[in-house]
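Enquirer: can't give you the sequence, but here's the structure:
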């Protein structure tokens, strides 16, 4: 059992001390055989050959263990004595290090709390300060755009699919097969090893901080991605490496002739007894060329700690050059692990080749590719544990009045500064317009504030805004106002809400206002609370100064404005404060990068099998967290229930800590051990999944060149802004066009699409703006941004990148935390979901069903009717298992109609917008009024009139908004959209979850907690929740709530198929349903594909038998497999390097689609599916003019088409396949969904030699 040290570290206020942390008390992707006549589908007759369309080396890290000689130990002892003396009368408290986990390296670092001021340097050598007094020269990792001749060759330049034609297909059979030389290799970056360490720097703040949202933060930045290392060390340097190997036996080295003073042989002692200083100075000197006088992006390759210093070997991620660096002073407590990334600047002692970082000079930024918001950093001054929870459980803390007022005052003052006015009437008019905006009205509703109440609060600030403008902007100075304030003047407003991503410091933020005063630039931080000596506020200004300095601004101080009291303070730049803030930022980054650890005992059992709940519940160890603080403010902390749950799960002994112990016992009294285990298990599983590298990391924007990012996808580079920028409601629509007008490339292949959230960068700076894509075509893209780029970047070259944030994971963490709450709704969820209490049902239905029901139920079959009636009788929940084409949507529509007739309110939700809109479109036909919540860009055009945006556009007060919400009887939103503020105030009678087997358990808790009972509709044999991490799959994260609660007594089954003909149904039964899936009637069973101009098709393609065979409309040929394997050995067109893009299959799909469309098949009758997003993106760009539906399997679930073309994409040429068990094509449920989308015709395109390796395809072909 861990023992928490309850001792308090107390400090006296001393306003005369300049050091910052003296006031803080915390650091811490052959046609020759294609003429067969196909009559049935099997491996030999039905597989038609298609005709095509024209570990970096790991080094042994040497850690030097030392035995310090007696004199040095004595000297250090004297220094320690001096340190102790200089801290008087303050007390140094030493805690025992925490117990290490299995397999982790012992750290041997004591946990020490101390002050930062008046502590002498531990090193006895003189330290040079000059290298850090001035801003070091920045190493620009964002390389400038190269000349056109050096531009990356884009895919369509070499493979112009739009130019494929019939002649290419006809000539294919004449080509002699030959092996393709185009083989792409998958390179997997090495993962850095992690090492658990323990907190040794703690702060205690004299008073808690109030929650204030005066700063608008960017979304959380995902973890960094590994950086590809640059060129090797030049040969001239590498050849002089000594490459010494240390053994336990002394080694003699012949150094040539000697003198008495220089012995011929030098005996190297065993590694364990090497003196650190001497060994580092003598060995491999010629290898260490990296200059740390300027900031360098490095990887730590070795680490060794002594009593008074830490020795590191670092290697540049750009040049592979190395350097040795010694950490002294407060830096020795830095949490460093071998393999971690750092930004490092050092100073050099003239007498040594080792660089140093001391209290007086040098800087080290831990994992700088993880950008932390400056508010997160300064928030850790009071409690680092709270900062970690706030980053992970983003959105758990509800909006409140203080936050709203702070955000609105920021917007108001910034607006006033733009027009430079002190006119009271103009300011009041601006205030009125601000309070009437859609976003403000919604927030007022969420905070339960009336318009008048908020206006009264806001008007208190107007006089102070006028005084500020008069004295500092309009130069109507009042000596009394300036008495205790900054006495400078504001010459001009440089920028407002400037977004800064400072990659050298690992910090990001938005500066409220930046002004010029004389020749200097100053950041201004606005606060709406009382003026008080807040370290957090001061630290925030200091971080802005540091970031702006790195951008090249002439800034030496900043301003802190307490608007309520008219106080304006100047905050000067201070090197010691910079050091301490970076130390704090580093420790926060350390904890945010800790990983979940799989228990070794479980790791041996897990193998390739899924574990039972009892086996998996204790299989993971949570990430390391900062220690809790001993403060009365813990009782009011919004994260105290989460914090207490972690403490109880980790079995921390708090008996000697009254505050924490009382909070834990009282706050968790409503929870059982099983409840806590469930919460912690899913927390760990979500952590495990969030660590999976699946999408594009934000860090790629500033760690890779534009050309590298464009090659990887989801990026458009080298564009410029057209002259006209349109402004609307404070937003600016920019249209970008390519600089290289002669290029054949198209933006449509970039991976960027409409409604994509993107980051706009320049050659010199990442993330100068962000916004949503409103339009995109081959050569132009329009983006709505929050700022006008022409103001400061008119002549810049821009790069546009998609932004894959961790918002979904934050939503899942926050949603999971709901089950911990001591509320009636949370208690019901715990009983049903965690404890699995059986569902109960009413014995009698309301009489109104007898009168209202028949007209609604008459259009349903018997199984559907029974499901609807059973749902009406459920007290807690019901599961409806709907097989493909069995009428799940029709059942939902009837159920909603009947519930509304019964006077119930209903929430309809699902994993995707498409599934939600599918139900809403059907409900509209029956005149059921629905309030469709969510972004208008994501809502189907047929139901825009039902959207929240349309229905509330005239609401100017929260009262008017509340009236709209109250009148609504049916709400529709995605699971992710269930965080809407309406569900904080409203509890609906019934929640209906369509495609529930696709949703993570945790994604449903918000919606379910806002309802009295729920109906889960889905098919366990179709798509499961998407989980990338294989260990997370084995341990239960992919188990849906439908699977968890499945019980015959609480399940209704729909198995009459109204979609697929007999051939396709036979395949589905063979693959999945074992004969349970029945066809509703003979008409459906015998339906086939209709091609209106079939005779024209036969005439035009009479020389292409393979195409006529594939498009045969007979019932027995409703399923066709088109083998693309032979063409891979014959076609001269180079395939794409991305293994998830197959240009050959794209050509085949386009050719088949064109043949169908030109002979009368409607574009709405054709659906094209691929399991890979990259292939879908390319297909969409090539078939843009055909306007057919193209999507992934996941997005097609719940929909159907007369003809489905499925592109398997992967081939033996395209990639080497490993770990088949968890490959996307090994998922039987995914293939089941794809084939059951087809009504009358199914065409599978793929390399048979590759796909036959996967079990579902083997079974499908065998059964057919």
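Expert: Yep, that arrived. Computed from a prediction, not measured in an experiment: that's the story for all the values here.
Enquirer: show me what contacts the closest residue in space to residue 719 that isn't next to it in sequence?
Expert: Leaving aside its sequence neighbours, residue 719 sits nearest to residue 736 (Cβ to Cβ, 6 or more residues apart in numbering; 4.0 Å). For glycine as for every other residue, the C-beta is placed from the backbone atoms N, C-alpha and C. The contact partners of residue 736, by Cβ atoms under 8 Å, 6 or more residues apart in numbering, come to 716, 719, 720, 721, 722, 780, 781, 782, 783, 798, 800.
Enquirer: Quick check: phi and psi on the third one?
Expert: Pointing back at residue 720 there. Torsion angles at residue 720 (phi, psi; degrees, to the nearest 10) stand at phi -130, psi 160.
Enquirer: Name the nearest residue to residue 760, sequence neighbours excluded.
Expert: Per Cβ to Cβ, 6+ apart, closest to residue 760 is residue 769, 4.6 Å.
Enquirer: ok, that neighbour - contacts?
Expert: 499, 759, 760, 785, 786, 787, 789.
Enquirer: per-residue confidence at it?
Expert: For residue 769, the pLDDT comes out at 94.
Enquirer: repeat for residue 24
Expert: 37.
Enquirer: if we can go back for a sec, drop anything exposed from the contacts of residue 769.
Expert: Among those, those scoring as buried are 499, 759, 760, 785, 787, 789 (criterion: 16 or more other Cβ atoms under 10 Å).
Enquirer: Turn these into CSV, columns for pLDDT.
Expert: Below are the buried ones among the contacts of residue 769 laid out as CSV (pLDDT from 0 to 100):
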residue, pLDDT
499, 95
759, 94
760, 96
785, 94
787, 91
789, 94
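Enquirer: Now render those residues as a markdown table, adding distance to residue 1048 and secondary structure.
Expert: Formatted as a markdown table, those follow (distance: Cβ to Cβ, whole Å; DSSP: H, G, I helix; E, B strand; the rest coil):
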| residue | distance to residue 1048 | secondary structure |
| --- | --- | --- |
| 499 | 56 | strand |
| 759 | 51 | strand |
| 760 | 55 | strand |
| 785 | 55 | strand |
| 787 | 59 | coil |
| 789 | 61 | coil |
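Enquirer: now the helices for the stretch 701-850 of the chain?
Expert: For the stretch 701-850 of the chain, applying DSSP state H, counting those that start in this stretch gives helices covering 706-712, 790-793, 807-817, 824-829, 848-857.
Enquirer: separation between the residue sitting nearest the centre point of the chain and residue 898?
Expert: The centroid of the chain falls nearest to residue 806 when counting by Cα atoms, centre = their mean (2.2 Å). Taking Cβ to Cβ, to the nearest Å as the measure, residue 806 falls 40 Å from residue 898.
Enquirer: ditto for residue 1194
Expert: From residue 1194 to residue 898 the distance is 30 Å (Cβ to Cβ).
Enquirer: who has more neighbours, these two?
Expert: A direct count of neighbours by other Cβ atoms under 10 Å for residue 1194 and residue 898 places residue 898 higher, at 21 against 18.
Enquirer: Excluding residues flanking it in the chain, which one is nearest that one?
Expert: Leaving aside its sequence neighbours, residue 898 sits nearest to residue 856 (Cβ to Cβ, 6+ apart; 5.4 Å).
Enquirer: before we move on, the earlier item: can I get the contacts of residue 736 in a markdown table including distance to residue 322, neighbour count and pLDDT?
Expert: Output for the contacts of residue 736, formatted as a markdown table (distance: Cβ to Cβ, whole Å; neighbours: other Cβ atoms under 10 Å; pLDDT from 0 to 100):
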| residue | distance to residue 322 | neighbour count | pLDDT |
| --- | --- | --- | --- |
| 716 | 37 | 27 | 93 |
| 719 | 39 | 22 | 94 |
| 720 | 41 | 17 | 94 |
| 721 | 43 | 20 | 94 |
| 722 | 47 | 13 | 88 |
| 780 | 47 | 14 | 91 |
| 781 | 43 | 26 | 93 |
| 782 | 47 | 18 | 94 |
| 783 | 42 | 27 | 95 |
| 798 | 36 | 24 | 96 |
| 800 | 37 | 26 | 95 |
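Enquirer: out of those residues, who's nearest residue 1143?
Expert: Taking Cβ to Cβ as the measure, residue 1143 lies nearest residue 716 of these, at 20.6 Å.
Enquirer: ok, that closest one - contacts?
Expert: By Cβ under 8 Å, 6+ apart, the contact set of residue 716 is 710, 736, 747, 750, 752, 781, 799, 800, 801.
Enquirer: Distance-wise, check it relative to residue 699.
Expert: Taking Cβ to Cβ, one finds residue 716 at 19 Å from residue 699.
Enquirer: again, but for residue 538
Expert: 29 Å.
Enquirer: shouldn't the residue nearest to residue 898 be in contact with residue 894?
Expert: Yes. If you go by Cβ atoms under 8 Å, residue 856 and residue 894 touch, sitting 5.3 Å apart.
Enquirer: who's more crowded, those two?
Expert: residue 894 (24 against 20).
Enquirer: what helix or strand is the more buried one on?
Expert: helix 888-901 (DSSP states H and E).
Enquirer: Please compute how far that helix lies from its chain's middle.
Expert: 36 Å (Cα atoms, centre = their mean, to the nearest Å).
Enquirer: one step back: distance of the residue nearest to residue 719 from residue 777?
Expert: 12 Å.
Enquirer: per-domain residue ranges of this protein.
Expert: Taking automatic domain parsing as the reference, the chain has its domains at 1-28+30-40+51-210+227-252+274-366, 375-592, 597-690, 700-803, 827-1054, 1068-1263.
Enquirer: Now render these as JSON lines, adding distance to residue 1062.
Expert: Below are the domains of the chain laid out as JSON lines (distance: least, Cβ to Cβ, whole Å):
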{"stretch": "domain 1-28+30-40+51-210+227-252+274-366", "distance to residue 1062": "14"}
{"stretch": "domain 375-592", "distance to residue 1062": "50"}
{"stretch": "domain 597-690", "distance to residue 1062": "35"}
{"stretch": "domain 700-803", "distance to residue 1062": "38"}
{"stretch": "domain 827-1054", "distance to residue 1062": "12"}
{"stretch": "domain 1068-1263", "distance to residue 1062": "4"}
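Enquirer: Tell me which of those approaches residue 811 most closely.
Expert: Proximity to residue 811 (Cβ to Cβ) singles out domain 827-1054 among the domains of the chain, at 5.9 Å.
Enquirer: Please state the mean pLDDT value computed over that closest one.
Expert: For domain 827-1054, the mean pLDDT works out to 95.
Enquirer: How about stretch 1174-1190?
Expert: 86.
Enquirer: buried residues in that stretch?
Expert: Here stretch 1174-1190 shows 1174-1183, 1188-1190 as buried, counting by 16+ other Cβ under 10 Å.
Enquirer: distance between the ends of it?
Expert: 12 Å (Cα to Cα, to the nearest Å).
Enquirer: related to what we said a few turns ago, could you tell me the least trusted of the domains of the chain?
Expert: Among the domains of the chain, domain 1-28+30-40+51-210+227-252+274-366 has the lowest mean pLDDT, at a mean of 51.
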